Structure formats: structure tokens, C-alpha cells
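Participant: build the 3D model from these lines:
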Amino acid sequence: MANIIDGRKLAKKINNETAEQVTELKSKNICPCLAVILVGDDQASHRYVRSKHRKAEQLGIKSIVKEMPENTTQASLMKVLDEYNHDDSIHAILIQSPLPKQIDEKFIMKQINPEKDVDGFQTINAGNLFLNEPTNYPVACTPNGIIQMFKEYNIELEGKNAVVIGRSTIVGRPMAALLINAGAEVTVLNHFADISEYTKNADIVVSATGKLHTLTAEDVKPGATIIDVGQNVDENGKLVGDVDFDEISKVANYITPVPGGVGPMTICMLMKQTVQLAKWSDKQNG
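Facilitator: All right, here's what the predicted structure looks like:
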């Protein structure tokens, strides 16, 4: 049976470290601050933002939530963003996706001050990641959390054959870049491809398709590491991932469960990066 990668346990460990760093920064009169802009009525987004707000407050991070109505114009959103970009007391900015259709989401994301881009989606930070720049910059939280899992469980990446299923800018593309930067040989697929041709030879598979049964035991190399980013609901209303956990667990070496795997790491890394941005800002200002 596979070793289960416990995301909840690791997130708790990292959150404790983050809380200690917050205390240290506050002793220097620096209070890490995360500002979230939420536009519209999407209920999933409201739940996510409430969760982020609670976690920030638990860790001693100042949390600002700016809620704006569904009919908000792009100009109105830009006005708030510009204010936050220039407010030195705010270290991290997150614009909750999705945005209403009248707002150009790609344009807005590019306008975030890269030094406050806690999600790591801003063009400059994405470029830094793909160029593997040896500087401080934020990285997309979910892939960054997965890298922390590899480190915690001593899963070697150098020279390994890795397959990433899914090409989103939130998970797939930055995940591929992080794996390349760690020395892995990386293949990126979309979920319409015949994935088994690639996954049967993969030491590491990261599935981020949001599609049930993306990966079955027949698709997996014995002893592989399987990272399941998907969150789906099965026919019984149960929260499950992209992969057939029960069967793949019999052949894999490491696997993440859903829930309790990658999910807890995303908010954990958001908090960690908020504190890192506050630290980096202090060094730049010093």
C-alpha cells in the first residue's frame, strides 16, 4: 500500500512556523497584511474568502476583505487596486477569481504590484518562475504547496520522469516550471490526450483536471508518486479527486488523498507567502 501524504499535518506544521514568523515581524513593528478583493456573488468564492480570512486572523496576519457588487466596473475595481498597490501597510493582494464578465480578468491580474502578488500570477512573477530567477518572488500557492510536500517526504525530483495533467495557469503551468527548476524531466498533457502512454513511465504524476477517473491503476507505474489536485463530487455526493485513490494506492509509493491532501496546502502557502512578502518588503525598505 502507498504512503499517504498528509496535507493537513504538513499544513499545520507550516502554519505554526508562519505564526512564529508573524510574532517575530510584529516585534519589529511590522504587521503582515493580506488584502482580498472579492467582486460579485459567487458563493464558492465567498466561502473561500471567509476561510482565508479566518486562517489569517488565527495566525496573527491582518486581513482586509473588500467586497464589491456584481455590477462593479473595471474602472472601480482598478481604483481600489491602485489604492492597495500604493498602501505600504498592505503586503499582499489577492483578487478572488472568477471576476464578473464585464471585467477583463487577465488585464486586472497584470495590474497587481508584483511585490504584493501573493498568488504569484502577475506576469513578472510568472516570468521569474519560468526563468528560474535566483531572487525572491511569490509562486502560485497550490504548486508551491506540492513542492513543500515533496520536500517533507524526501521525494527526489532530480532526474525523475514527471507528468503534469492539466495546463492551467493556476496549477499545471507553474507546477511544470517548478518541477523543471528542480531538475525533473517534465511532460505536460491536457486531459483529452491518451495519458496512459505517458503516465505508465512516470515516476511522478500531478493530476489537475477537475475530472473524475482521470487516472486509474492501469495508468500508473508501480512505485510512482501520485499528486491529486482535483476536487470533484462523485455519484454518491462524496468529495473525491481526479484519480482512483483506492486502486492506485495498491501500486503507488506515495499518494495524496482528497480531501486532506493538496487542498490544505493552498491556504497554508497563501499565508506563508503573505509573511514572506512582508519580510521581503522590510528588506527592500531597509
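
Participant: the chain - how does it break down into domains?
Facilitator: Here the domain parsing of the chain from automatic domain parsing is 30-117, 141-263.

Participant: among those domains, pick out the one with the most neighbours on average.
Facilitator: Stretch with highest mean neighbour count among the domains of the chain: domain 141-263 (a mean of 19; mean count of other CB atoms under 10 Å). Where C-beta positions appear, they are placed from N, C-alpha and C, glycine not excepted.

Participant: just give me how far that domain sits from the chain centre.
Facilitator: 14 Å (CA atoms, centre = their mean, to the nearest Å).

Participant: end-to-end on that domain?
Facilitator: Distance across domain 141-263, first residue to last, is 10 Å (CA to CA, to the nearest Å).

Participant: rewinding a little: residue 3 is nearest to which of the domains of the chain?
Facilitator: Nearest of the domains of the chain to residue 3, taken as CB to CB: domain 141-263 at 5.0 Å.

Participant: ok, back up a step: which stretch among the domains of the chain comes nearest residue 6?
Facilitator: Of all the domains of the chain, it is domain 141-263 that lies closest to residue 6, at 6.9 Å by CB to CB.

Participant: want to throw the domains of the chain into TSV with mean pLDDT?
Facilitator: What follows is these, written out as TSV (pLDDT from 0 to 100):
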stretch	mean pLDDT
domain 30-117	97
domain 141-263	95
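
Participant: tell me where this structure has strands.
Facilitator: Counting by DSSP state E, one finds strands in the chain at the ranges 3-4, 33-39, 62-68, 92-95, 161-165, 185-189, 204-207, 225-228, 232-233, 239-240, 254-255.

Participant: so which residues make contact with the last one?
Facilitator: Put plainly, it is strand 254-255. Residues outside strand 254-255 that contact it (CB atoms under 8 Å, 6 or more residues apart in numbering): 2-5, 153, 155, 225-228, 243, 245, 248-249.

Participant: do that again at 6 Å, thanks
Facilitator: With CB atoms under 6 Å, 6 or more residues apart in numbering as the contact definition, strand 254-255 has outside contacts at 2, 3, 5, 225, 226, 249.
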